[in-house]
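Asker: Structure, please.
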Amino acid sequence: MPRMPRYRRTRAVVYLVLIIGGAVPVTGSETVAPVRAAQDGTAAALTEPGPKERGPEPIREPGGAAASNTNAPDATETGLRERANLIADEANSLGGWESWAKDLGPFRSVLRKKLAESSKEYWGIEGRNGFIFNKGSVKYVSTLPPQPNRSASDNDGPHAVIVDFDRHLRARGIHLVFAIAPSKIEIYPEKLTEAAPSGFSVALNSKRLIWDLLNSGVDAIDLYDPIYKGKSASEDDLYIPTDTHWSPEAIPIAASLLADHLRRTALPPDSLLGRQHCTLGERSWTHIGDLVGKGGISDSRKSEYPPIELMLRPVLESEGRVYRADPRSPILIVGDSFVAKYAAAGAGIGAHLARELGFALTQLTSAGGGPSVPCQLTRQGPENLRGRRVVIWMMVSRYLGSATSWKLMELRAGP
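Answerer: Predicted coordinates for the structure are as follows:
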């Protein structure tokens, strides 16, 4: 089936909102084509997955002995250590964390200059070739890596809260997978400035936090590498040029990695029983990026950025029904707007992950609230965790740079 043109001028705005369990109608005006079945494969179904013990010995700092590579990393002590050592090897190839940060210095200086010169009235920064970037993401990449909070008296910061939430879930027999969705600036730095480095990643901050979380016994995964590699293989942009979020083309890449990771870590081999037949449909979606919307850029510049026509790939269940989340699923995915994106159309990361696993998920999202979702979850009562075996906590990387968004004591107040 031929792809529709990527760009078309029209007036349409779509907002995706809180999704808990089932599908939610899309609000706002929308130009769509009917969902059509597309030729595609199916995925295996799962029975209820079980938790797995984890908690590694201290992992070496970059500069230590070479790591032993593995094609099937898991969430055991050895698996976490091997995965952390792979990240340390990447840092070692650049001379270590400090040398990597030094190499990023000129690029970060350009980012800080662009932030300083940008208007405080707007939260978007115009780049090159029709790209606009979220200021929060640019600021996150422009700063030094956040240091982990290991002190018992230090109650704020992503490391402390994530580790605490992992312990909170583990005590209930629930396996946590913490996943970082890269921001657009980390995948397309060259679209903001010619000063973007080549030959090494600008996602130092996220990789450092993943490394430290693995060192602390948390099953953490970074979606950066497969998406960055997918950039060169895709004919379409993996992030919407005029929006904060990833495009429909990035969703299957992330879902495939997460499904493979879950099979190797949180899901026992005997859980792969039966088959649930899901196909992929096609649905056109005309979208005005959030960075062109209210407060993104000045009104005088908006005419330079027409609406974009995207092709969604909704997951279709039997008889062509669009995928619906299952509020009673043993697998819960929680997160921010990166999880919510396209979910109302059955085309988000939750739906594609469910198709990969053959098992419907429960989904809880809050736009802009990635760090606070676990607090909301625990405050709502123990019923939201009852029967769960896996919690996938996903958010975009920029939230990791703000200590004020992370509240350890609120999390501990939960059930």
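Asker: How far off centre is the longest helix belonging to the chain?
Answerer: Criterion DSSP state H: the longest helix present in the chain is helix 77-93. Helix 77-93 has its C-alpha centroid displaced from the chain centroid by 21 Å (CA atoms, centre = their mean, to the nearest Å).
Asker: So which elements touch the next helix or strand after that helix?
Answerer: Next helix or strand after helix 77-93 toward the C-terminus (DSSP states H and E): helix 97-103. Applying 3 or more CB pairs under 8 Å, 6 or more residues apart in numbering; DSSP states H and E, we find helix 97-103 packed against helix 204-215. Yep, even glycine has a C-beta here, placed from its N, CA and C like the rest.
Asker: Quick check: neighbours of the very next helix or strand once past the helix it packs on in the sheet, parallel or antiparallel?
Answerer: With elements assigned by DSSP H and E, the helix or strand that comes after helix 204-215 is strand 219-222. In the sheet, strand 219-222 lines up against strand 175-181 (parallel) (DSSP bridges).
Asker: Could I have the CA atoms of the strand it pairs with written out in PDB?
Answerer: Written as PDB, here are the backbone C-alpha positions of strand 175-181 (Å, rounded to 0.1, in the frame of the first residue of the first chain):
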ATOM      1  CA  HIS A 175       9.700  -6.700  38.600                       C
ATOM      2  CA  LEU A 176      10.500  -3.100  37.600                       C
ATOM      3  CA  VAL A 177      11.900  -2.200  34.200                       C
ATOM      4  CA  PHE A 178      12.900   1.500  34.000                       C
ATOM      5  CA  ALA A 179      13.200   2.700  30.400                       C
ATOM      6  CA  ILE A 180      14.500   6.000  29.100                       C
ATOM      7  CA  ALA A 181      13.100   7.400  25.800                       C
END
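Asker: Any chance you could list what contacts that strand?
Answerer: With CB atoms under 8 Å, 6 or more residues apart in numbering as the test, strand 175-181 has contacts from 49, 51-52, 75, 162, 165-166, 169-170, 206, 209-210, 213, 218-224, 246, 254, 258, 261-262, 265-266, 338, 389-397, 400.
Asker: Give me the buried positions along stretch 134-147.
Answerer: If you call a residue buried by 16 or more other CB atoms under 10 Å, then stretch 134-147 has these buried ones: 134-142, 145-146.
Asker: Give me the residues contacting that stretch.
Answerer: Residues outside stretch 134-147 that contact it (CB under 8 Å, 6+ apart): 97, 101, 108, 111-112, 114-115, 118, 123-125, 157-159, 183-186, 189, 192, 202-205, 208-209, 244, 291, 396-398, 400-401, 403.
Asker: what's the nearest residue to residue 250 if we skip its chain neighbours?
Answerer: residue 238 (4.2 Å; CB to CB, 6 or more residues apart in numbering).
Asker: Now do the end-to-end distance for stretch 295-307.
Answerer: 16 Å (CA to CA, to the nearest Å).
Asker: Going by neighbour count, list what's buried in it.
Answerer: The neighbour-count check on stretch 295-307 (16+ other CB under 10 Å) flags 296-297, 305-307 as buried.
Asker: any chance of the residues you listed in CSV, with distance to residue 332, pLDDT and secondary structure too?
Answerer: Compiled in CSV, those are given as follows (distance: CB to CB, whole Å; pLDDT from 0 to 100; DSSP: H, G, I helix; E, B strand; the rest coil):
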residue, distance to residue 332, pLDDT, secondary structure
296, 32, 92, coil
297, 36, 94, coil
305, 36, 95, coil
306, 38, 94, coil
307, 34, 94, coil
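Asker: for these, which one is nearest residue 285?
Answerer: Ranked by distance to residue 285 (CB to CB), these are led by residue 307 at 9.9 Å.
Asker: shouldn't that closest one be in contact with residue 288?
Answerer: Yes: judged on CB atoms under 8 Å, residue 307 makes contact with residue 288 at a distance of 4.9 Å.
Asker: What count of nearby residues applies to the closest residue to residue 118 other than its chain neighbours?
Answerer: With CB to CB, 6+ apart as the criterion, residue 118 has its nearest non-adjacent residue at 5.3 Å, and that residue is residue 125. Using other CB atoms under 10 Å, residue 125 is surrounded by 25 other residues.
Asker: go on, residue 257?
Answerer: Look at residue 257: counted by other CB under 10 Å, it has 20 neighbours.
Asker: Show the model's pLDDT score for residue 326.
Answerer: At residue 326, the model reports a pLDDT of 90.
Asker: Is it part of a helix or strand, or is it coil?
Answerer: Taking DSSP: H, G, I helix; E, B strand; the rest coil as the rule, one finds residue 326 in the coil state.
Asker: please begin residue numbering at 658 from this point
Answerer: OK, 658 is where the count begins now, so the last one is residue 983.
Asker: give me phi/psi at it?
Answerer: phi -110, psi 110 (degrees, to the nearest 10).
Asker: That one is in contact with residue 1018, isn't it?
Answerer: Yes: at 6.8 Å, residue 983 counts as touching residue 1018 under the criterion of CB under 8 Å.
Asker: who has more neighbours, the two?
Answerer: Each of residue 983 and residue 1018 has its neighbours counted (other CB under 10 Å); residue 1018 has more, 22 against 16.
Asker: Now do the contacts for that one.
Answerer: Residues in contact with residue 1018, defined by CB under 8 Å, 6+ apart, are 982-983, 986, 988-990, 1007, 1010-1011.
Asker: Pull the contacting residues for the residue nearest to residue 900 when sequence neighbours are not counted.
Answerer: Distances taken as CB to CB, 6+ apart put residue 946 closest to residue 900, at 3.4 Å, once the chain neighbours are dropped. Residue 946 sits next to 789, 897-901, 953, 962, 965 when contact means CB under 8 Å, 6+ apart.
Asker: at 10 Å what do you get?
Answerer: Residues near residue 946 by CB atoms under 10 Å, 6 or more residues apart in numbering: 670, 781, 789, 897-902, 953-954, 962, 964-965.
Asker: would you turn the residues you listed into CSV with distance to residue 971?
Answerer: Below are those laid out as CSV (distance: CB to CB, whole Å):
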residue, distance to residue 971
670, 20
781, 29
789, 27
897, 17
898, 22
899, 22
900, 19
901, 22
902, 17
953, 27
954, 30
962, 26
964, 20
965, 18
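Asker: Noted, bye for now.
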